[in-house]
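**Q** would you be able to build a 3D model of this:
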Amino acid sequence: MPVEIGKVVEGTITGITNFGAFVQLPEGKTGLCHISEVADDYVKDISTYLKEQQKVKVKVIAIDPKGKISLSIRKAQTKPPKKSSQPIQIDWERKNRDANLNFEDKLSKFLKDSEEKHQQMKKNARATRRGNGFNRKGIAR
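**A** Prediction:
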């Protein structure tokens, strides 16, 4: 059976280099599995993942005009299906917490909240103006 792009075949590792592994394919042809195509994780040392004479499933990802065959172990592995996350149900209905208050009560609540926020802003502004106790040259006052 001829080697075709996209086909998954079983091969044997014949050599390991610092840039990848050479894989002997069933027809006697040899292809290269680059280090970036060995695993989904970062591979610092390929010999921690592969050994010589190890049987591996590889996917043929390219064949250049000179006959060099590029292989991928990671693309040959079947990945588990992703969990489909259900969309979050959002209640877009507006909740009116003050529905049972009359106008005067709502106004007094608004004024109280507004005054509290205004006081907090003033307090924060004073703290910012004071600084951290050092002058511009970094010397304590």
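
**Q** quick check: buried residues in stretch 54-62?
**A** For stretch 54-62, the neighbour count (16 or more other C-beta atoms under 10 Å) marks 56, 58-61 as buried. Using the backbone N, CA and C atoms, a C-beta is placed for each residue, glycine as well.

**Q** and those residues as a markdown table, adding secondary structure, pLDDT and distance to P80?
**A** Shown next, in a markdown table, are these (DSSP: H, G, I helix; E, B strand; the rest coil; pLDDT from 0 to 100; distance: C-beta to C-beta, whole Å):
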| residue | secondary structure | pLDDT | distance to P80 |
| --- | --- | --- | --- |
| V56 | strand | 94 | 20 |
| V58 | strand | 94 | 20 |
| K59 | strand | 93 | 17 |
| V60 | strand | 93 | 23 |
| I61 | strand | 94 | 21 |
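
**Q** helix/strand/coil for the residue of the chain most remote from its centre?
**A** What lies farthest from the middle of the chain is E104; by C-alpha atoms, centre = their mean that is 53.2 Å. When classified by DSSP: H, G, I helix; E, B strand; the rest coil, E104 comes out as helix.

**Q** start the count at 16, not 1, going forward
**A** With 16 as the first residue, the last one maps to E119.

**Q** any idea how far it is from T93?
**A** The gap separating E119 from T93 is 69 Å, by C-beta to C-beta, to the nearest Å.

**Q** returning to what we had before: which of the buried residues of stretch 69-77 lies closest to P102?
**A** K74 (33.9 Å; C-beta to C-beta).

**Q** just checking, that closest one touches S85?
**A** No - judged on C-beta atoms under 8 Å, K74 makes no contact with S85 at a distance of 9.7 Å.

**Q** let me know the pLDDT of E19.
**A** Note on E19: pLDDT of 85.

**Q** from E42, how far out is it?
**A** Separation of E19 from E42 (C-beta to C-beta): 11 Å.

**Q** I84 too?
**A** Taking C-beta to C-beta, one finds I84 at 11 Å from E42.

**Q** overlap of the contact sets of those two?
**A** Counting by C-beta atoms under 8 Å, 6 or more residues apart in numbering, the residues touching both I84 and E42 are V18.
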